[in-house]
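Visitor: I'd like to go over a predicted model; first the sequence, then the structure.
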Amino acid sequence: MNILEIDGSFGEGGGQILRSTLSLACITSTPIKIKNIRNNRKMPGLQAQHLTAAKILAKTCNAKTDGLHLGSTSLTFVPGQMQDVSISEDIGTAGSISLILQAVIPAVALAGKKLHLQIRGGTDVPWSPTSNYTKYVVAEAYRRIGIDFTMKIERRGYYPKGGGLVEVIASPAKTVFPICLQQRMQKEARIICSCTELTGTIEKSINTAKNMLEQNGFSVLIETAQEKAANRGGSALVFSSDPNSINGADELLDIHNEDKFTSRSAMTFINSDLGADVNLSDMLVVPLSLCNEMSIFTVKTISKHLETNLYITSKILGCKYGIGKIDGGYEVRLQGISNARIK
């Protein structure tokens with residue numbers, strides 16, 4: 001048996017290369033060995049979030065594994081037969097649910113299977129997309145590519161206690177469609193905020209963000225929710241979509257600077273005027289790598305996460321990509337490779 005070896009220290013050298021590699025291994029039935037897992041982090045090896053993602057993916061394809069334990073810096077993953085999946089998992093910490101979903105949803109849907117997942121952990125935590133970003137921004141992008149999923153946030157989970165609960169249902173992808181996201185045309189924006197305690201200062205800060213957006217020519221719709229959690233926290237999302245763009249910006253509540261809440265994400269959103277925001281750009285790569293047509297998207301900067309996903313998809317699948325400089329950013333072209341499981 002030939003096992004493809006992947007150096008986990010490449011690019012951003014963190015969890016991204018692990019998640020994308022395992023996801024593609026499941027879809028394509030490719031045996032892989034990942035070495036130097038999270039080699040560029042202060043705490044190398046599999047942590048609770050990464051371990052949970054790998055365990056879920058192993059269950060989806062009946063994989064044989066070696067090194068699937070906390071702190072492991074090497075993992076061998078030999079996929080078996082993919083199947084419809086109904087799983088309940090608990091990360092056990094405030095580890096990011098959204099990052100796990102980045103790996104699991106494409107893996108199951110693009111393999112032509114159904115997913116029903118209930119997962120406990122962190123819904124809105126540092127160094128991760130918020131759950132609302134996944135629910136609205138990622139879901140819209142995936143829908144256009146051919147991956148349909150619904151996400152119900154039953155309970156919020158903030159750092160350090162976690163305890164959030166999310167239910168996800170994803171349908172099998174029947175076709176993978178190319179996308180073309182080149183320039184934002186939409187002048188309507190939505191602000192969605194969730195907090196354990198919607199104080200007067202927070203409400204004022206949301207209105208400040210609304211004014212910022214309106215001064216830049218946007219009409220704004222605001223949605224706020226006060227939701228219980230194990231400890232105090234909050235998140236904000238500003239986003240828009242049109243036929244030529246999908247852009248979102250999110251942030252977590254800093255309880256020591258409530259007056260700045262939402263303003264940071266509003267300013268990031270205003271400046272993100274190309275086809276896709278920086279965070280979304282790397283999430284597009286894995287599903288688009290399995291489309292046999294050319295996809296094009298523009299982005300302000302080329303992140304390490306985007307570089308990593310372009311590298312790993314080309315290494316595992318042999319797909320081709322190119323990056324070109326344009327006014328205000330970069331254009332990415334990706335020619336994927338058709339997967340036999342998807343028409």
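Guide: Ah, there it is. Numbers count the residues shown, from 1 in each chain.
Visitor: How is the protein partitioned into domains?
Guide: The chain resolves into domains spanning 4-180+277-335, 183-271 when parsed by automatic domain parsing.
Visitor: Could you dump those domains into JSON lines and include mean neighbour count and mean pLDDT?
Guide: Every residue, glycine included, has its C-beta placed from N, CA and C. Shown next, in JSON lines, are these (neighbours: other CB atoms under 10 Å; pLDDT from 0 to 100):
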{"stretch": "domain 4-180+277-335", "mean neighbour count": "20", "mean pLDDT": "96"}
{"stretch": "domain 183-271", "mean neighbour count": "18", "mean pLDDT": "97"}
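Visitor: Tell me where the stretch 101-250 of the chain has strands.
Guide: Assigned by DSSP state E, counting those that start in this stretch, the stretch 101-250 of the chain shows strands spanning 115-121, 149-155, 164-170, 180-181, 188-195, 219-226, 234-242, 245-252.
Visitor: Strand 219-226 and the longest one, what's the angle between them?
Guide: Using axes from the mean of the first three to the mean of the last three CA atoms, to 10 degrees, one finds that strand 234-242 and strand 219-226 are set 150 degrees apart in direction.
Visitor: Determine how far strand 234-242 lies from the middle of the whole chain.
Guide: Relative to its parent chain, strand 234-242 has a centroid offset of 14 Å by CA atoms, centre = their mean, to the nearest Å.
Visitor: Give me the sheet partners of that strand and which way each runs.
Guide: strand 188-195 (antiparallel), strand 245-252 (antiparallel) (DSSP bridges).
Visitor: What of the first one?
Guide: Sheet pairing for strand 115-121, assigned by DSSP bridges, gives strand 85-90 (parallel), strand 164-170 (antiparallel).
Visitor: Rebuild those as CSV, extending it with distance to L46.
Guide: Listed next are those as CSV, based on distance: least, CB to CB, whole Å:
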stretch, distance to L46
strand 85-90, 15
strand 164-170, 21
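Visitor: now the helices for the stretch 51-200 of the chain?
Guide: 97-110, 131-132, 139-145, 200-215 (DSSP state H, counting those that start in this stretch).
Visitor: Report the contact partners of the residue nearest to L75 when sequence neighbours are not counted.
Guide: Ranked by CB to CB, 6 or more residues apart in numbering and with sequence neighbours excluded, the top spatial neighbour of L75 is G67, at 4.3 Å. Going by CB atoms under 8 Å, 6 or more residues apart in numbering, G67 touches 74-76.
Visitor: Check what contacts stretch 8-20 and list those residues.
Guide: With CB under 8 Å, 6+ apart, stretch 8-20 has contacts from 6, 34-41, 46, 49-50, 53-54, 73, 75, 99-100, 102-103, 282, 285-286, 303-305, 307-309, 311-313.
Visitor: 6 Å instead, please
Guide: Residues from elsewhere that reach stretch 8-20 (CB atoms under 6 Å, 6 or more residues apart in numbering): 34, 36-41, 50, 53, 102-103, 286, 304-305, 307-309, 312.
Visitor: same check, this time on stretch 329-336
Guide: By CB under 6 Å, 6+ apart, stretch 329-336 touches 274, 288-292, 294-300, 302, 319-324.
Visitor: Tell me which of these fall in strands.
Guide: Secondary structure from DSSP state E places 294-299, 320-324 of those in strands.
Visitor: Only C-alpha atoms, please: export stretch 320-330 in CSV.
Guide: The C-alpha trace of stretch 320-330 is given here as CSV (Å, rounded to 0.1, in the frame of the first residue of the first chain):
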residue,chain,number,x,y,z
LYS,A,320,-3.5,23.4,-10.9
TYR,A,321,-3.7,27.0,-9.6
GLY,A,322,-2.3,30.4,-10.4
ILE,A,323,-2.1,33.7,-8.4
GLY,A,324,-1.9,37.1,-10.1
LYS,A,325,-1.6,40.6,-8.8
ILE,A,326,-4.5,42.9,-9.5
ASP,A,327,-5.4,46.4,-8.4
GLY,A,328,-6.1,46.2,-4.7
GLY,A,329,-5.3,42.6,-4.2
TYR,A,330,-4.9,39.2,-6.0
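Visitor: Right, I'll leave it there.
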